[in-house]
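> predicted model follows, preceded by the sequence.
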Amino acid sequence: MPCIQYQNIEFSDWKMELIQKAIGIVAEYRRQGYDLTLRQVYYQFVSRDWFPDRWIDPKTNSKNNQKSYDKLGGLTPK
């Protein structure tokens, strides 16, 4: 599947790192014949503990939360 750039967006270094990790997960599963949803990529991040520590929810002391899901989703194309 080709990658198409519709607009030029400058991401910070830490956001680019997360994007590259997401691309790596998608590529890893695509080689096995799978297409992943955002939720599936999200849970790969959770299981690999790849979210930044600053995304920890102080109430639950976990990075597995709606805000982390929303932030990751904000880095992916719509």
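That came in fine, so what should we check first?
> from now on I want contacts and neighbour counts done on CA atoms only, so please keep to that.
Fine.
> the top helix by length along the chain packs against which elements?
Counting by DSSP state H, the longest helix found in the chain is helix 13-30. Contact here means 3 or more C-alpha pairs under 8 Å, 6 or more residues apart in numbering; DSSP states H and E; on that basis helix 13-30 packs against helix 38-48.
> next structured bit after the helix it packs on?
Counting by DSSP states H and E, the next helix or strand C-terminal to helix 38-48 is helix 66-74.
> that next one to helix 13-30, inter-axis angle?
Counting by axes from the mean of the first three to the mean of the last three C-alpha atoms, to 10 degrees, helix 66-74 lies at 80 degrees to helix 13-30.
> returning to what we had before: next one: the longest helix of the chain to chain centre, how far?
Chain-centre distance of helix 13-30: 7 Å, with C-alpha atoms, centre = their mean, to the nearest Å.
> where does pLDDT dip in this structure?
1-2, 76-78 (pLDDT under 70).
> what's the spacing between the residue of it most remote from its centre and residue 53?
For the chain, the largest distance from the centre (C-alpha atoms, centre = their mean) belongs to residue 59, which lies 22.4 Å off. Residue 59 sits 14 Å away from residue 53, taking C-alpha to C-alpha, to the nearest Å as the criterion.
> what number of residues lie near residue 39?
12 (other C-alpha atoms under 10 Å).
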